[in-house]
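Novice: okay, sequence plus prediction incoming.
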Amino acid sequence: MTSPEIKVAPDPAAVAQEAAQRFLELSEAAIETAGRFSVALSGGSTPKALYQILASPQYQSQIDWPNVDVFFGDERCVPPDHAESNYRMAKEALLSKVPLPGDNVYRMRGELPDPNEAAKEYGETLKEKFGDGGLDLVLLGMGPDGHTASLFPETKALDEPKHRCVANFVAKLEAWRLTMTAPFINRARNVIFLVTGAEKAASLAQVLEGPREPHRFPAQLILPAEGKLTWLLDIAAAAMGNE
């Protein structure tokens, strides 16, 4: 396990731009090596800005979209056309704007009546696609409470040892979420966190520099065994604005 790379950019737009360049480079390397590139997308405002850059003419034309497979790190238990759906956001910002075959997109079926059944179905898809391996790239955000994907503080999913995807009840939201588990995320060849905003600075400092308390700060669980971990931060999240 190597130490994470931490890169601080001036603002959220620069974080998204840096992430887009890395997405392009990682996709080229994976397709050249293995013929395919697999990525798990994240919800949130900073990833949305990244997706809009990837959909721009400059990037769209450089990425070999027919050989890209798209997965999702987590999802709300809502239909795919719901305003809160991570899939809908990704579709509107990116997936509908690039020449990506529909069969290359693997969404979590948050609309199923039983969240556990939806999680089991997605876990089986991941097992079929990756076996004991993992994705080329997992994109993650982090909330002000230190959660990532839908791994929230003090929730049952934090202790999941073997499943690739689980349903996770989040009491403070009074809602179920579907989420990739930390052990599966940690199989990825590359994990990139995109974290922006001053409201995340305190939690981020705890995640990166504080004692190991993953039940309080679940983002601490993300430590790829053999892959590369990167944190792309803006100045506000890195708490450098007052220095």
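Specialist: Now that the structure is in, tell me what you want to look at.
Novice: could you pull out the helices for the protein?
Specialist: Taking DSSP state H, the helices of the chain run over residues 12-34, 45-54, 57-60, 86-93, 115-130, 182-185, 201-209.
Novice: list the buried ones in the longest one?
Specialist: Spelled out, it's helix 12-34. Of the residues in helix 12-34, those buried by neighbour count under the rule 16 or more other CB atoms under 10 Å are 12, 14-20, 22-24, 26-27, 30-31. Where C-beta positions appear, they are placed from N, C-alpha and C, glycine not excepted.
Novice: contacting residues for Ala90?
Specialist: Contacts for Ala90 were tallied using CB atoms under 8 Å, 6 or more residues apart in numbering; they are 41, 43, 51, 70, 72.
Novice: ditto for Thr230
Specialist: 4-7, 22, 190-193.
Novice: if we can go back for a sec, how about the helices of the chain in TSV, adding mean pLDDT and distance to Val170?
Specialist: Output for the helices of the chain, formatted as TSV (pLDDT from 0 to 100; distance: least, CB to CB, whole Å):
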stretch	mean pLDDT	distance to Val170
helix 12-34	98	25
helix 45-54	95	20
helix 57-60	95	34
helix 86-93	98	15
helix 115-130	98	11
helix 182-185	98	16
helix 201-209	97	16
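Novice: now the two most distant members of the contacts of Ala90.
Specialist: Largest separation among these by CB to CB: Gly43 and Val70, giving 13.5 Å.
Novice: quick one: which of these two has more around it?
Specialist: Neighbours per residue, other CB atoms under 10 Å: of Gly43 and Val70, the larger number sits with Gly43, 23 against 20.
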